[in-house]
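K.L.:
Got a sequence here, can you model it:
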Amino acid sequence: MKKILMQITIALLLIVSISFFLKVVALPNEQHAIDVQLEKCIEKDYSTSGMNKCVYAATDAWLDQISIYSNMIKKELSKEQYTVFIAAQQSWERYYELEKKLIVETVYNKEGSIHTNIAAGMLENIVKQRALYLKSYLYELKE
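P.N.:
Now for the predicted structure:
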């Protein structure tokens, strides 16, 4: 019983610290609509499976943002810059696939359902960070 309570406590601390980190990394004083929706979703259903569904939906929304920002960035680039951007994006996609596999093998498959929440949060964080980087690139290109 103590082990389960400790795991829950650690997971909650991880979620809070990741949430804080993401707010610091985001553009100043800006909470993205995806984060707001994620919080509302989790408030409605904070069961393990409910939280996973919410985080998976947020991850999909961030993937959509990556696609949107990528398309917008492509319009701003020279031919040479475009070549570099495509290579970087393909490298990131490869990184994401490998990281996803690693997270599944090391975290998701651990005993205890809380690990599915931790793994889902880790993946969402990776995708969110890429989307925010692309948003920053776009901002820099338009500045």
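
K.L.:
Please enumerate the helices of the protein.
P.N.:
2-25, 33-44, 48-76, 79-103, 114-142 (DSSP state H).

K.L.:
JSON lines for those helices, including mean pLDDT and mean neighbour count?
P.N.:
For every residue, glycine as well, the C-beta is placed using N, CA and C. As requested, the helices of the chain are arranged in JSON lines below (pLDDT from 0 to 100; neighbours: other CB atoms under 10 Å):
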{"stretch": "helix 2-25", "mean pLDDT": "56", "mean neighbour count": "12"}
{"stretch": "helix 33-44", "mean pLDDT": "91", "mean neighbour count": "14"}
{"stretch": "helix 48-76", "mean pLDDT": "95", "mean neighbour count": "17"}
{"stretch": "helix 79-103", "mean pLDDT": "96", "mean neighbour count": "12"}
{"stretch": "helix 114-142", "mean pLDDT": "93", "mean neighbour count": "19"}
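
K.L.:
tell me, how many neighbours does residue 46 end up with?
P.N.:
11 (other CB atoms under 10 Å).

K.L.:
Please read off the pLDDT at it from the model.
P.N.:
As predicted, residue 46 sits at a pLDDT of 79.

K.L.:
now it: how far from residue 117?
P.N.:
10 Å (CB to CB, to the nearest Å).

K.L.:
any residues in contact with both of these two?
P.N.:
Both residue 46 and residue 117 lack any common contact, where contact means CB atoms under 8 Å, 6 or more residues apart in numbering.

K.L.:
hang on, isn't residue 120 packed against residue 59?
P.N.:
Yes - assessed by CB atoms under 8 Å, residue 120 is found in contact with residue 59 at 7.4 Å.
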